[in-house]
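> quick one, what's the 3D model for this:
(chains A and B)
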Protein chains: 2
Amino acid sequence: MTNANAPLDAVLAHVDATVEDSVARLFDLLRIASISTDPAYKDECRKAAEWLAGELDGLGFDASVRSTEGHPMVVGHARADAGPNVLFYGHYDVQPVDPLELWANDPFAPRIGEENGRKVILARGASDDKGQLMTFVEACRAYKAVRGALPVGVTVLFEGEEEAGSPSLKPFLEATADELKADVALVCDTDMWDEEIPSIITMLRGLVADEIEITAASRDLHSGMYGNAARNPIQVLAAIIASLRNPDGSVAVPGFYDDVAELAPQVKEQWQRLPFDDKAYLGDVGLSVPAGEQSRSVLEQITSRPTCEINGISGGYTGDGFKTVIPAKASAKISFRLVASQDPAKIRDAFRAHVRSLVPADCTVTFTPHGGSPAVAVPADGPFLTKALGALTDEWGKEAAIAGSGGSIPIVGDFKTLLGMDSLLIGFAQTDDRIHSPNEKYNLESYHRGIRSWVRILDALAEG
Amino acid sequence: MTNANAPLDAVLAHVDATVEDSVARLFDLLRIASISTDPAYKDECRKAAEWLAGELDGLGFDASVRSTEGHPMVVGHARADAGPNVLFYGHYDVQPVDPLELWANDPFAPRIGEENGRKVILARGASDDKGQLMTFVEACRAYKAVRGALPVGVTVLFEGEEEAGSPSLKPFLEATADELKADVALVCDTDMWDEEIPSIITMLRGLVADEIEITAASRDLHSGMYGNAARNPIQVLAAIIASLRNPDGSVAVPGFYDDVAELAPQVKEQWQRLPFDDKAYLGDVGLSVPAGEQSRSVLEQITSRPTCEINGISGGYTGDGFKTVIPAKASAKISFRLVASQDPAKIRDAFRAHVRSLVPADCTVTFTPHGGSPAVAVPADGPFLTKALGALTDEWGKEAAIAGSGGSIPIVGDFKTLLGMDSLLIGFAQTDDRIHSPNEKYNLESYHRGIRSWVRILDALAEG
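Presented below is the predicted three-dimensional model:
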């Protein structure tokens, strides 16, 4: 029998008592080879969607599989008339498994293994994202089992194309905006700070990308005939690129930092306390000296500070051997990672004005925009965030971290733009989970305490 | 009857009286489609070689067609025991004729046309190089007809692979060095200063070419995860390239100008008098402002001053669209045009030391050499040069110019290195001859007075 007034501890105790069943259900989902990028697995993707809809249905959700141009969406509603409603997002599709010979076991035959003294769930999708999304489903199951109801209104959205660039997501959100809109979105597809410290990602950098082409002479020239007297567009482009950074590592475009907000004091203070190994982070990719602003830590450089990167460059002869050509043109792909309050249009304008000021006589520059999106920031003192942080801290016994992500996560921008919702990015994955690689794993502790974390978070969000 | 003591004017008069026959013989050669780069014309190339050997044989040369791995050489000897011996060089092969539809007539059906009030010979190879080499053959013919002998010893070398990169030339010169060596080489494959002023090219720039690759991280990185903190090798490469030029247009590699010789005073003085239209030279390719050393004229920049050019650059993503990658490496092809006295090895070392001084922590640079050759310079006051200049001035009624060529002409370096000879580059082509293009032409005046010029030059070289 359920008891609508059962205490939180009773729900948590139920999670602990039934964790083996929770693992068994995850294993059922992991056995479905829902690889979204390979058309050969189309039926498996639908099978995963139907399996999830069935689970939600069993928990009392009004659940359905929604067809798209690609793989289907799963939507389930258990909304509340009063009190907050949340939208939970996860994705049921997984990465391909090649090279298969590097897997110790069949990637779709999940099993429990042990690594460094920890039990781990081994299977494709164990961490990304089936294990993560099931933490939420199992938390809902515990509430249903103990109390008969969820503490807040919940809508669930599971996508089946996240590993394929989410082509159907935006049109689907546009078409179902009224149906999916909630007070806050919960996205479970990210890492913890480390194995002991939970985190919520509240900062995602934005992006401005431009391609620039410098043209000089009306045709390619021979350096024997024109070398010295003819303007060389590669030289011009190099001078422009060199001018984009100051010797101290900061970006040299005038006005670039005008609207950059400093970290909230509580976040800055927290980051000084949190463990982050600069040396290990860079050393992992063969580097040792941070290249960005010298006055900022690596952690700030990659998450809370904006940057300018040259992503590609080409000009002249690039094949084997050598040709003494002075090319007519040269081009580069240049992007800026933005942080909150920086306006993509303003940054693009400042960049272009800076470039134009450096283009010498006889040269022309053309710009081709390749998208721009603002940074996303959830206020560090917002009520949902504060409650979720408290819940995570309670569960893990360590102060939950407010974190940033250096890259964009498109779903978060879409939720903000199309549904007008902030997102809380809460996940229990670890950086060593080998997602997208052979022998993907998810710590059993991540799964078990991930379920418990959502139980606590939903409880906290329900508080008035 | 020949008269061994006939005066120079008699030889010149013979040239004038028989110029129609000279044109007819050139037409015979122009009808042979000796395209060296297309294997379909292999037999035509041999036919041209045999035709030339036959002409030389008829003039009393000991002439032969010499097979090579590619198209044959033609060698003819009419050496003198006393007095100077010269080696004359030209090439009988021609460029392909595509696009054929842009030709007003069959490229291998030569005809006389008229352009801007001048008679012109229209055919593939009319200027490059059949018309030019025949000026020398016909000058020899006039001497034979009038005097029965040449005024100096002559060896002739005709190549059939000049338009195909001369793959057989160097081995052939090495194998026949003793046979071909003379006191000076005469090369007829260059332009006049303009339509009225003859010239001898005495300066050819040398070349040092290096490819540099900058590597940073051990693999390509995502700019979301690493942007700012990870060193970007394109940024590093751009800073290096930007550092190669000073704002005044000079090359900024330390020591680069240490061994650069100033123009001989008589050449410098002559260049100030000679017509050279900076605006037209640059305007022809869509430029207006010289990019090299601001204190030097365009003429100096492109011939007597060294330079540094970026011939190619590549790194990161260069396809359609955009990828926010921080690449692991970036590379550039960089070359230096050298002038006399600059040592290619020393310049390469200085360049590499300069680059190494700019490579930051975590980056490595690798260099791949792509050849180096010194500049070639014939002393502006050498006796052969002085005599040839006088002969040209007599023929054209305008002071002959001492000129430089911005690019290298490999045969000249080979003659110097392998045969120990200086070369005098004397040609009668014009910049508007459309060599390598449809409707190639050679001014009839270039042909006629080219023959007369060689008559005078051989006479002058014979003087004690």
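> and chain A, what are its domains?
Domain segmentation of chain A under automatic domain parsing yields A:8-203+A:376-462, A:206-260+A:306-373.
> could you dump the ones you listed to TSV with mean neighbour count?
Backbone N, C-alpha and C define where each C-beta goes, glycine included. Formatted as TSV, the domains of chain A follow (neighbours: other C-beta atoms under 10 Å in any protein chain shown):
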stretch	mean neighbour count
domain A:8-203+A:376-462	20
domain A:206-260+A:306-373	20
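> turn those domains into a markdown table, including distance to chain B.
Listed next are these as a markdown table, based on distance: least, C-beta to the nearest C-beta, whole Å:
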| stretch | distance to chain B |
| --- | --- |
| domain A:8-203+A:376-462 | 2 |
| domain A:206-260+A:306-373 | 2 |
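> want to throw those domains into TSV with distance to B:L8 and mean pLDDT?
As requested, these are arranged in TSV below (distance: least, C-beta to C-beta, whole Å; pLDDT from 0 to 100):
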stretch	distance to B:L8	mean pLDDT
domain A:8-203+A:376-462	83	96
domain A:206-260+A:306-373	36	95
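> tabulate the ones you listed in a markdown table, adding columns for distance to B:S288.
Formatted as a markdown table, the domains of chain A follow (distance: least, C-beta to C-beta, whole Å):
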| stretch | distance to B:S288 |
| --- | --- |
| domain A:8-203+A:376-462 | 44 |
| domain A:206-260+A:306-373 | 6 |
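> mind checking which of those is nearest B:A63?
Of all those, it is domain A:206-260+A:306-373 that lies closest to B:A63, at 33.3 Å by C-beta to C-beta.
> for the residue lying farthest from the centre of chain A, give me its contacts.
Centroid-distance maximum for chain A: A:M225 at 52.5 Å, with C-alpha atoms, centre = their mean. Contacts of A:M225 were listed using C-beta atoms under 8 Å, 6 or more residues apart in numbering or on different chains, and they are B:302, B:406-407.
> what's the separation between it and B:Y89?
21 Å (C-beta to C-beta, to the nearest Å).
> can you show me the strands along the stretch 251-400 of chain A?
A:307-316, A:325-326, A:329-338, A:364-373, A:376-377 (DSSP state E, counting those that start in this stretch).
> OK, contacts around the nearest residue to A:A388 once chain neighbours are set aside?
Spatial nearest neighbour of A:A388, excluding adjacent residues (C-beta to C-beta, 6 or more residues apart in numbering or on different chains): A:I457 at 5.1 Å. For A:I457, the contact set (C-beta under 8 Å, 6+ apart) comprises A:186, A:387-388, A:391-392, A:426.
> mind checking the SS state of the residue farthest from the centre of chain A?
Three-state assignment for A:M225 (DSSP: H, G, I helix; E, B strand; the rest coil): helix.
> circling back: nearest to B:S243, out of the domains of chain A?
Minimum separation from B:S243 across those (C-beta to C-beta) falls at domain A:206-260+A:306-373, 7.8 Å.
> tell me how far the closest one lies from the chain's centre.
Distance of domain A:206-260+A:306-373 from its chain centroid, counting by C-alpha atoms, centre = their mean, to the nearest Å, is 29 Å.
> what about that domain, start to end distance?
Using C-alpha to C-alpha, to the nearest Å, one end of domain A:206-260+A:306-373 lies 5 Å from the other.
> across the sheet, point out what pairs with the closest residue to A:P327 other than its chain neighbours.
Nearest non-adjacent residue to A:P327, counting by C-beta to C-beta, 6+ apart: A:G316, 4.0 Å away. Note on A:G316: beta-bridge partners by DSSP bridges are B:G312.
> wait, what's in contact with A:G316?
A:G316 neighbours (C-beta under 8 Å, 6+ apart): A:234, A:323, A:325-327, A:330, B:310-313, B:333.
> repeat that for A:K181.
A:87, A:419-421.
> and with 7 Å instead?
Residues in contact with A:K181, defined by C-beta atoms under 7 Å, 6 or more residues apart in numbering or on different chains, are A:419-421.
> now render the residues you listed as a markdown table, adding secondary structure.
Output for the contacts of A:K181, formatted as a markdown table (three-state DSSP):
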| residue | secondary structure |
| --- | --- |
| A:L419 | helix |
| A:G420 | coil |
| A:M421 | coil |
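> closest to B:S218 out of those residues?
The shortest approach to B:S218 among the contacts of A:K181 belongs to A:M421, at 39.5 Å (C-beta to C-beta).
> surely A:G371 meets A:A209?
Yes: between A:G371 and A:A209 there is a contact at 5.6 Å, judged by C-beta atoms under 7 Å.
> between the contacts of A:G316, which is nearest A:T2?
B:I313 (68.8 Å).
> excluding covalently adjacent residues, which one is nearest to the closest one?
B:I313 sits nearest to B:A332 (C-beta to C-beta, 6+ apart), 4.4 Å away.
> beta partners of that neighbour?
Counting by DSSP bridges, B:A332 is bridged to B:I212, B:I313.
> check contacts around it.
Taking C-beta under 7 Å, 6+ apart, one finds B:212, B:237, B:241, B:310, B:312-313 in contact with B:A332.
> same thing with A:A350?
Contacts of A:A350 by C-beta under 7 Å, 6+ apart are A:253-256.
> ok so, going back, nearest to B:R66 among the contacts of A:G316?
Using C-beta to C-beta, those come closest to B:R66 at A:K323, 30.9 Å.
> am I right that that closest one is in contact with B:N311?
Yes: the criterion here is C-beta under 7 Å, and A:K323 meets it with B:N311 at 6.2 Å.
> intersection of neighbour lists for those two?
Joint contacts of A:K323 and B:N311 (C-beta under 7 Å, 6+ apart) are A:Y317.
> which residue, other than its chain neighbours, is closest to the residue most central in space within chain A?
Residue closest to the mean C-alpha point of chain A, counted by C-alpha atoms, centre = their mean, is A:I409 at 3.8 Å. Beyond its immediate neighbours in the sequence, the residue positioned closest to A:I409 (C-beta to C-beta, 6+ apart) is A:L204, lying 5.7 Å away.
> that older thread, ok, the residue nearest to the centre of chain A to A:F172 distance?
Using C-beta to C-beta, we find A:I409 at a distance of 17 Å from A:F172.
> just A:V339 next, same as before
Distance, A:V339 to A:F172, using C-beta to C-beta: 29 Å.
> ok, A:K329 next?
41 Å.
> do A:V137 as well
Applying C-beta to C-beta, the value for A:V137 to A:F172 is 20 Å.
> again with A:R356
41 Å.
> could you export the top helix by length along chain A as CSV, CA atoms only?
Ranked by residue count and defined by DSSP state H, the top helix of chain A is helix A:444-462. C-alpha atoms of helix A:444-462 as CSV (Å, rounded to 0.1, in the frame of the first residue of the first chain):
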residue,chain,number,x,y,z
LEU,A,444,27.1,1.4,-10.3
GLU,A,445,27.4,4.1,-7.6
SER,A,446,26.5,6.7,-10.2
TYR,A,447,23.4,4.8,-11.0
HIS,A,448,22.3,4.0,-7.5
ARG,A,449,23.0,7.4,-6.0
GLY,A,450,21.9,9.1,-9.2
ILE,A,451,18.4,7.6,-8.5
ARG,A,452,18.6,8.8,-4.9
SER,A,453,19.8,12.2,-6.1
TRP,A,454,16.7,12.7,-8.2
VAL,A,455,14.5,11.5,-5.3
ARG,A,456,16.0,14.3,-3.2
ILE,A,457,15.9,16.9,-6.0
LEU,A,458,12.2,16.3,-6.8
ASP,A,459,11.4,16.5,-3.1
ALA,A,460,13.4,19.8,-2.8
LEU,A,461,11.7,21.3,-5.8
ALA,A,462,8.3,20.5,-4.3
